[in-house]
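Novice: I'll drop the sequence and a predicted model, then ask my questions.
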Amino acid sequence: MSIESEIAQTPATQATQAQELDPRRVVAPPVDIYENGDEYLIVADVPGVAQDAIHVALEEDQLSLTADREDLRFRRVFRIPQAVDRGAIIAELKRGVLDLHLPKSEADKPRRIQIRAG
């Protein structure tokens, strides 16, 4: 199964609804999504945004990212797979790039099966 089918992005209508409440321009930040055996990684570009102006929230199967700058608001929502360990999600901001680490639960990580001699 490809990463595109695992982490889905929600329609742009949510950004339009947010813009009705806030006069700033709302844009979806560019993101890259990666997967390895241990986690999904979402890398979002949010240049010029201070750490305290970024809000990441998880509600049921939706992870939302909102980042406010004086002139605009970044907004993006992702639907995440059940395989994500929701209690272990980590967000890191470095030089305008937000890394969202979504670890896979132990049951969903690949594992090697031991072969016994018969």
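Specialist: That came in fine, so what should we check first?
Novice: residue ranges with poor pLDDT in this structure?
Specialist: 1-22, 108 (pLDDT under 70).
Novice: Helices of that one, residue ranges please.
Specialist: 3-6, 13-21 (DSSP state H).
Novice: For residue 54, list the residues it contacts.
Specialist: When contacts are counted by CB atoms under 8 Å, 6 or more residues apart in numbering, residue 54 touches 46, 65-68, 91, 93, 98. C-beta here means a position set from N, CA and C on the backbone, and glycine is covered the same way.
Novice: ok, and the most crowded of those?
Specialist: Of the contacts of residue 54, residue 67 is surrounded by the most neighbours, 25 neighbours in total, counting by other CB atoms under 10 Å.
Novice: Surely residue 61 touches residue 79?
Specialist: Yes. Under the criterion of CB atoms under 8 Å, residue 61 makes contact with residue 79 at 5.4 Å.
Novice: Quote the end-to-end distance of stretch 91-109.
Specialist: Stretch 91-109 has its terminal residues 21 Å apart, counting by CA to CA, to the nearest Å.
Novice: In that stretch, which residues are buried?
Specialist: By neighbour count on 16 or more other CB atoms under 10 Å, the buried set for stretch 91-109 is 91, 98, 100, 102-104.
Novice: likewise stretch 82-91?
Specialist: So for stretch 82-91, counting by 16+ other CB under 10 Å, buried means 84, 89, 91.
Novice: what's the answer for stretch 62-77, then?
Specialist: In stretch 62-77, counting by 16+ other CB under 10 Å, buried: 63, 65-69, 73-77.
Novice: what's the spacing between it and its chain's center?
Specialist: 12 Å (CA atoms, centre = their mean, to the nearest Å).
Novice: Equivalent analysis for stretch 99-108, please.
Specialist: 11 Å.
Novice: Likewise for stretch 58-67?
Specialist: 7 Å.
Novice: ok so, going back, and the contacts of residue 54, which is closest to residue 38?
Specialist: residue 91 (16.8 Å; CB to CB).
Novice: so that closest one sits right up against residue 67, yeah?
Specialist: No. If you go by CB under 8 Å, residue 91 and residue 67 don't touch, sitting 10.9 Å apart.
Novice: Perfect, I'm done here.
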